[in-house]
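Peer 1: from the sequence below, what's the structure:
(one chain, ligands or ions: 1)
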Amino acid sequence: MARKRVLIAGGGIGGLAAALACTRQGLSVQLLERAAQFSEVGAGIQLGPNVTRILQAWGLGDALAQVAAFPGQLQTRDAKTGQVLGTLRLGERAKALYGGPYATVHRADLHGLLHQAALAAGADLQLGQSVQGWRETAQGLDVHTAEGDSLQAHALIGADGVWSAVRQQMLADEPARFTGHLAYRALVAQADLPAHLRTDQVTVWMGPRLHVVHYPVCSGQWLNLVAIVHGRKPEQAQSWDQAGHVQALLQAMGGDSGAIGKDLQERLAAVPAWRLWALHDRAPIAAAGQMAQGCVALLGDAAHPMRPYLAQGAGMAIEDAQVLAQCLVQEGQPVAAQLQAYAAQRWARNARVQARAIRNGQIFHAQGAVAVGRDWSMRLLGERLMDVPWLYGWSR
Ligand SMILES: Cc1cc2nc3c(=O)[nH]c(=O)nc-3n(C[C@H](O)[C@H](O)[C@H](O)COP(=O)(O)OP(=O)(O)OC[C@H]3O[C@@H](n4cnc5c(N)ncnc54)[C@H](O)[C@@H]3O)c2cc1C
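Peer 2: Next up is the predicted model:
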């Protein structure tokens, strides 16, 4: 093994970002994806300026501009009264303050961009290969797959998602925990909506034990909706994608109790079909050793699965990828030390984002006096409360 060879388990957004970042740094990359095709679920994703800046640095800014939407603002609204509680300007303000746009994009579009770019950069991307485990050898690692192959590498990166097999061997910890929250997701063509429901901004509706987020994707032609409610763990909770029933959603939102008002009801009723996700996460990372040990490291959801209430899970995977690639080309260090440096730079930030996502969920779903306090603070402080400079201003 002459050139440093990096083996990546998993071809989601995190794995493909890592493949692209490492190949761009001149490393030899082989990525193994267990599925028969590279694909992403039909849903949207928000990308803060901390993430779009990295995509621009990788030469993907123009391609992103072709497929993404760039909302001018994010508004929070009361789920019951429909009142606007606070507004955060995005658009030109985000670019001026943080050096990158705030984008909203269809997952398949982002995944496709990373896939094409990783291929073009020279990464070896293989389908139908499920990484099972590894053993250390004198030369590095011997990685084996469920299909019976054995592959040599200097470093193994577990980007194999929330149910990571690489994590299982590395940390042997408990599986990810069910959060008690369910996500109903949908995409609707804006052309199919009545004119007053079409929108080009991000909106977050907040109510007791629920919130709903919607934003444009596909250059603004489609609207992505996510409704989060509390509920019991469904069967097949590890599945990302099950049919969701609108009656169950409305019931979980309090049925006829009046928890959601007519403005929000009208939007939910305009959705023809929902998909259901059971949300899982882990407690925030507590030490660098939870991200890397020896010549093996974790990245993205394998390392830090989080609640989506800060809209940064994929963002952190992309940041991980950039730092990983930079560490793996630091001269004069063995691979294990390079991966330790990666973990040392990433774990505390990921932990902070995980913790803030949990807190956001509590704030969004607040009831009674806490909800009244939240609404007053948002009205009073608006942008000062809603902006997250430590998150969007990050750079490496
Ligand atoms: C409702 C919801 C909304 C969200 N919204 C946002 C948002 O707005 N912004 C944001 O940044 N993030 C958001 N996220 C989080 C984001 O989706 C995830 O953090 C991100 O997709 C994780 O990417 P990943 O590549 O780490 O993992 P995954 O996407 O899970 O990819 C893992 C890949 O590994 C493969 N794999 C699994 N096991 C193996 C194996 N043993 N060998 C080989 N391959 C394997 C899988 O098939 C899969 O392709 C949201 C999440 C949810 C649930």
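
Peer 1: use CA for all of it now, contacts and neighbours both
Peer 2: Noted.

Peer 1: tell me which residues form a beta bridge with residue 222?
Peer 2: Counting by DSSP bridges, residue 222 is bridged to residue 189, residue 217.

Peer 1: and for the one 4 residues further on?
Peer 2: Under DSSP bridges, the beta-bridge partners of residue 226 are residue 185, residue 213.

Peer 1: OK, contacts around it?
Peer 2: Contacts here follow Cα atoms under 8 Å, 6 or more residues apart in numbering; on that basis residue 226 touches 183, 184, 185, 186, 212, 213, 214.

Peer 1: need the residues you listed in a markdown table (columns: pLDDT, distance to the ligand and neighbour count).
Peer 2: Converted to a markdown table, the contacts of residue 226 look like this (pLDDT from 0 to 100; distance: Cα to the nearest ligand atom, whole Å; neighbours: other Cα atoms under 10 Å):
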| residue | pLDDT | distance to the ligand | neighbour count |
| --- | --- | --- | --- |
| 183 | 95 | 5 | 24 |
| 184 | 94 | 7 | 24 |
| 185 | 94 | 7 | 25 |
| 186 | 95 | 10 | 22 |
| 212 | 97 | 11 | 23 |
| 213 | 98 | 9 | 18 |
| 214 | 98 | 10 | 23 |
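
Peer 1: can you name the two of these that are farthest apart?
Peer 2: 183 and 214 (12.6 Å; Cα to Cα).

Peer 1: quick check, distance from the helix or strand harbouring residue 354 to the centre of its chain.
Peer 2: Element membership of residue 354, judged by DSSP states H and E, is helix 335-364. Distance of helix 335-364 from the chain centroid (Cα atoms, centre = their mean, to the nearest Å) equals 13 Å.

Peer 1: just stretch 324-344 next, same as before
Peer 2: Remark: stretch 324-344 is offset 24 Å from the chain centroid, using Cα atoms, centre = their mean.

Peer 1: kindly check the end-to-end length of it for me.
Peer 2: Taking Cα to Cα, to the nearest Å, stretch 324-344 runs 11 Å from one end to the other.

Peer 1: what are the boundaries of the strands in the stretch 201-350 of the chain?
Peer 2: 202-207, 210-217, 222-230, 242-244, 274-281, 292-293, 296-298 (DSSP state E, counting those that start in this stretch).

Peer 1: and the ones you listed, which one is worst for confidence?
Peer 2: Note on the strands of the stretch 201-350 of the chain: strand 242-244 shows the lowest mean pLDDT, a mean of 69.

Peer 1: that older thread, same list (the strands of the stretch 201-350 of the chain) but as TSV, adding distance to residue 373.
Peer 2: Shown next, in TSV, are these (distance: least, Cα to Cα, whole Å):
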stretch	distance to residue 373
strand 202-207	13
strand 210-217	17
strand 222-230	21
strand 242-244	33
strand 274-281	27
strand 292-293	41
strand 296-298	39
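
Peer 1: out of the ones you listed, which comes closest to residue 348?
Peer 2: strand 292-293 (13.3 Å).

Peer 1: from the contact counts, what lies against the closest one?
Peer 2: Where contact means 3 or more Cα pairs under 8 Å, 6 or more residues apart in numbering; DSSP states H and E, strand 292-293 is packed against helix 335-364.
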